[in-house]
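Novice: Quick one: sequence plus predicted model below, questions after.
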Amino acid sequence: MTQPKGTRHFAGHTIVLMAGKAAPGLKMVLGMALLGSLAACATQPDHAWQADTTYHLTILHTNDHHGRFWKNSDGEYGMAARKTLVDRIRAEVAAQGGSVLLFSGGDINTGVPESDLQDAEPDFKGMNRLGYDAMAVGNHEFDNPLQVLEKQRDWATFPMLAANIHDKASGERLFAPYHIFDEQGVKIAVIGLTTDDTAKIGNPEYVSGIDFTDPKVEAAKVIKDLEQHEHPDLIFAVTHMGHYQNAEHGINAPGDVTLARYLPYGTLDMIVGGHSQEPVCMEGPNIMQADFQPGDDCTPDKQNGTYIVQAHEWGKYVGRADYEFRNGELTMVNYQLIPVNLKKTVETNGERTKVLAEDKIAEDDAMLTFLRPYQEKGQAQLNVTIALTNGKLEGDRDIVRFQQTNLGRLIATAHLQRAQADFAIMNSGGVRDSLPAGDVTYKDVLTVQPFGNMITQVNMSGREVLDYLNVVATQPVDSGAYAQFAGISMTVTAGEGPQAGVSNVKIQGQPLEMDKTYRFTVPSFNAAGGDGYPKISDHSGYVNTGFVDAEVLKEYLAEHSPIDVTRFAPQGEIVYQ
C-alpha cells in the first residue's frame with residue numbers, strides 16, 4: 001500500500017500530519033495521541049502469537065546416546081528405527097497444525113567400538129538426518145582430543161549448547177549458550193548446560209585448559225540476558241547434569257532438580273536432561289518410580305514449576321511431551337516414554353523368552369543405507385576372537401562400582417604385568433561392561449575399555465604410597481572413582497575423621513615399608529587428577545608408558561587364553577569396614 005504524504009504509521013495507529021501551522025488545540029490532541037501511542041508501544045507484549053489461540057507444541061528428546069547408532073543383537077533401539085518413529089510423530093503433529101522440536105541431553109560419544117573407532121561420525125551425521133534441533137554438550141564429548149570435538153561440531157547441523165564451558169585463557173565460551181526457535185510465532189529460548197563434574201571426570205589431558213563453571217549460576221545470568229534482550233515466551237534447558245531424586249546427588253555435582261529449585265518459580269518451563277541415564281518417571285513428589293518397565297505410563301518430575309524429563313539412555317526410548325500454549329501459558333497435556341523396539345522377558349511353560357514390549361517399529365531404509373557402511377567398517381576390525389573364558393568377568397556398573405570384581409582385578413593385573421609394577425590401581429569408571437563366558441572379541445575389549453587411556457607408572461616411597469592410598473582407596477562406592485586393585489591387600493576404613501584411611505597394607509604379600517620404593521600403575525586419566533585422585537603426573541618418578549589400556553587388556557587376554565575366571569576372583573584382599 002502506498003503511504004500518503006504526511007502520514008506515519010506508529011504502533012498500529014495512523015496519524016495524518018497537517019500541512020502548515022496547527023492550531024494550539026490540535027497540537028495538544030496530536031501530542032496526546034503520540035503519548036498514548038508511545039505508552040501502548042511500551043506495554044505491548046513482544047510476541048507474534050495471537051490471543052485466545054491454542055498452539056500445539058511437541059518436544060521429543062533422547063540422551064546418553066553413547067555410540068548406539070546401530071541396533072543391538074536383540075534388534076533393540078538404533079537410529080534407523082528411531083528415524084521411523086520421529087518421522088511418524090512429526091507427521092501426526094503437523095497434521096494437527098502443531099510444531100515439533102527434537103533435543104538431546106548429550107553424551108553422544110563413547111560406548112560402542114564401531115562408533116568409537118570412527119569418532120562418532122555415524123552418530124552425529126545420523127542425528128542430522130533425524131533432524132535434531134539442539135543438544136547439550138555432555139561430559140563424554142571430552143573423551144577425545146579437542147580436535148575431535150571440533151570436528152564433531154563441524155559435522156553437526158544443529159547447535160551444540162553449553163553456557164557454562166569457558167576457555168580458561170580467554171574466558172570466552174566454547175559453545176553457544178542458547179538458541180532461539182520461533183514456532184508459529186511462539187518464541188522459545190533453549191539454554192545448554194553441562195555438569196561441572198566434567199572438570200573431575202573428564203580426561204584431564206583434554207580439559208585442563210577449560211573452565212566448567214556452576215551451571216545454575218550461569219543459567220541465571222543467561223536468563224537475565226534473554227529476558228532483557230530476547231523476550232522469549234518460553235525458556236527450556238537442555239542439560240547434561242543428571243536427575244537426582246529430591247536433589248540428593250551424593251558425591252555428584254548438583255543436577256536438574258537443584259537447578260530448578262535455584263531459579264525463581266517457573267523460570268524454566270522444561271528441562272530436557274541426561275547424564276544419570278535413567279527414565280525420569282515419578283511415583284509421587286520427590287519419589288522415583290523404581291520399577292519402570294517399557295510401555296509403562298511415565299509421569300515426569302516437576303520441581304518449582306519446571307518439568308524435568310530424561311529418556312533413560314542409548315536411544316532406548318524417545319521421550320514425547322505434548323504441550324498447549326495459550327495466552328502466554330504452557331500446559332503439558334501428555335507425556336510418554338516410547339520404547340524403540342525394546343523387549344521384555346516372559347516365561348511360558350517354564351521357558352523364558354524375549355518379546356517386544358510394544359509394536360515393532362520398522363527401520364527407515366534410507367537411514368539403514370546411510371549407516372550400514374559405518375557398521376560394516378567397524379565390524380571388520382572388531383569381530384575377531386582373541387581369547388576364551390570359562391565364565392563371566394564382572395564389569396556391570398551396579399557391581400564394579402560397589403565391590404572388587406574378577407574383571408577389575410584382571411585389568412589391574414594386566415597393567416601390573418605390562419609395567420612390571422608391584423601393584424596396580426584401576427578406577428571402576430574405566431570399566432564399562434562385562435566380558436561374558438565364551439569367545440572374547442576385540443569388540444568386547446573395546447566395549448569394556450573405550451576411552452583409550454594410557455598405562456602410567458610411578459615410583460614412590462612407602463610413605464608416599466600410604467598417603468596416596470588414603471585418598472584413593474577411600475573413594476566412595478557408586479562412583480567411577482571406586483578403585484579396583486591387584487597385587488595389594490589392605491583394610492579400608494571409610495568415612496571422615498582420624499580413623500578413616502587404610503591399614504594393614506601389604507604389597508605382594510609383604511607389609512608396606514615406609515622407606516622402600518614401590519612401583520604401581522594407574523590409568524593416565526587418574527594420574528592427571530581425574531576422579532579426584534591425587535595428581536601424580538608431575539611426580540619425579542612418573543612415566544607414561546604409551547601403552548593403550550584396551551591394547552594391553554587385549555594382549556593379556558590373548559596371552560593367557562583360555563582364561564580361568566576363578567583365578568581373578570577376589571579373596572578378601574581388600575577389606576572395608
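Specialist: Thanks, I have the structure now.
Novice: Contacts only, for the spatially closest residue to T267 that is not a sequence neighbour.
Specialist: Using C-beta to C-beta, 6 or more residues apart in numbering and skipping the chain neighbours, the partner closest in space to T267 is I223 (6.1 Å). C-betas here are computed from N, CA, C, even on glycine. By C-beta atoms under 8 Å, 6 or more residues apart in numbering, the contact list for I223 reads 191, 235, 263, 267-268.
Novice: wait, which of those residues is closest to N453?
Specialist: I191 (32.3 Å; C-beta to C-beta).
Novice: Find the residue ranges of the stretch 201-350 of the chain scoring beneath the pLDDT cut-off.
Specialist: Judged against pLDDT under 70, the stretch 201-350 of the chain has no low-scoring part.
Novice: Number of residues surrounding D87?
Specialist: A count of nearby residues for D87, using other C-beta atoms under 10 Å, gives 14.
Novice: Mind checking the pLDDT average for the helix or strand encompassing it?
Specialist: Following DSSP states H and E, one finds D87 within helix 79-95. Averaged across helix 79-95, the pLDDT comes to 98.
Novice: Only alpha carbons, please: show whichever helix or strand E227 is part of as PDB.
Specialist: Using DSSP H and E, E227 maps to helix 215-229. Extracted C-alpha coordinates of helix 215-229, given in PDB (Å, rounded to 0.1, in the frame of the first residue of the first chain):
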ATOM      1  CA  PRO A 215      25.600 -24.300  35.700                       C
ATOM      2  CA  LYS A 216      22.900 -22.900  37.900                       C
ATOM      3  CA  VAL A 217      24.700 -19.600  38.300                       C
ATOM      4  CA  GLU A 218      25.400 -19.400  34.600                       C
ATOM      5  CA  ALA A 219      21.800 -20.200  33.800                       C
ATOM      6  CA  ALA A 220      20.600 -17.300  35.900                       C
ATOM      7  CA  LYS A 221      23.000 -15.000  34.100                       C
ATOM      8  CA  VAL A 222      21.800 -16.200  30.600                       C
ATOM      9  CA  ILE A 223      18.100 -16.000  31.600                       C
ATOM     10  CA  LYS A 224      18.600 -12.400  32.700                       C
ATOM     11  CA  ASP A 225      20.200 -11.600  29.400                       C
ATOM     12  CA  LEU A 226      17.400 -13.300  27.500                       C
ATOM     13  CA  GLU A 227      14.700 -11.500  29.300                       C
ATOM     14  CA  GLN A 228      16.300  -8.200  28.700                       C
ATOM     15  CA  HIS A 229      17.100  -8.600  25.000                       C
END
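Novice: The helix or strand just after it: partners in the sheet, and parallel or antiparallel?
Specialist: For helix 215-229, the following helix or strand on the C-terminal side (DSSP H and E) is strand 234-240. Neighbouring strands of strand 234-240 in its sheet, by DSSP bridges, are strand 186-194 (parallel), strand 270-272 (parallel).
Novice: okay, those strands, which one's buried deepest?
Specialist: strand 270-272 (a mean of 29; mean count of other C-beta atoms under 10 Å).
Novice: And that strand, how far out from the chain middle?
Specialist: 14 Å (C-alpha atoms, centre = their mean, to the nearest Å).
Novice: who's in contact with that strand?
Specialist: Contacts of strand 270-272 (C-beta under 8 Å, 6+ apart): 59, 61, 63, 103, 105, 136, 234, 236-239, 256, 259-260, 306-310, 319, 321.
Novice: at 6 Å what do you get?
Specialist: 61, 103, 105, 236-239, 256, 306-309 (C-beta atoms under 6 Å, 6 or more residues apart in numbering).
Novice: packing partners for the helix or strand just after it?
Specialist: Once the chain leaves strand 270-272, the next helix or strand it forms, by DSSP H and E, is strand 282-284. Packing partners of strand 282-284 (3 or more C-beta pairs under 6 Å, 6 or more residues apart in numbering; DSSP states H and E): none among the helices and strands.
Novice: who does whichever helix or strand comes after strand 282-284 pair up with?
Specialist: The element immediately downstream of strand 282-284 (helix or strand, assigned by DSSP H and E) is strand 287-288. Applying DSSP bridges, strand 287-288 is found paired with strand 282-284 (antiparallel).
Novice: contacts for the partner strand?
Specialist: 289, 299, 301.
Novice: now with 7 Å?
Specialist: Applying C-beta atoms under 7 Å, 6 or more residues apart in numbering, the contact partners of strand 282-284 are 288-289, 299-301.
Novice: residues touching the residue nearest to F451 when sequence neighbours are not counted, list them.
Specialist: Counting by C-beta to C-beta, 6+ apart, D143 is the residue found nearest to F451 once chain neighbours are left out, at 5.7 Å. Going by C-beta under 7 Å, 6+ apart, D143 touches 109-110, 203, 451.
Novice: Most neighbours of all those residues, which one?
Specialist: N109 leads the contacts of D143 on contacts (other C-beta under 10 Å) with 26 neighbours.
Novice: one step back: name the nearest of the contacts of strand 270-272 relative to G495.
Specialist: D256 (28.9 Å).
Novice: Let me know how buried G105 is, in neighbour terms.
Specialist: So G105, with other C-beta under 10 Å, has 33 neighbours.
Novice: An error on my part: the question was meant for I210.
Specialist: Neighbours of I210 (other C-beta under 10 Å): 17.
Novice: now it: how far from L512?
Specialist: Counting by C-beta to C-beta, to the nearest Å, the gap from I210 to L512 is 37 Å.
Novice: what does Y442 give?
Specialist: 38 Å.
Novice: just T62 next, same as before
Specialist: 49 Å.
Novice: More neighbours: the two, which one.
Specialist: T62 (33 against 19).
Novice: Assess the claim that the more buried one and L102 are in contact.
Specialist: No - the pair T62 and L102 does not pass the contact test of C-beta atoms under 7 Å, sitting 8.2 Å apart.
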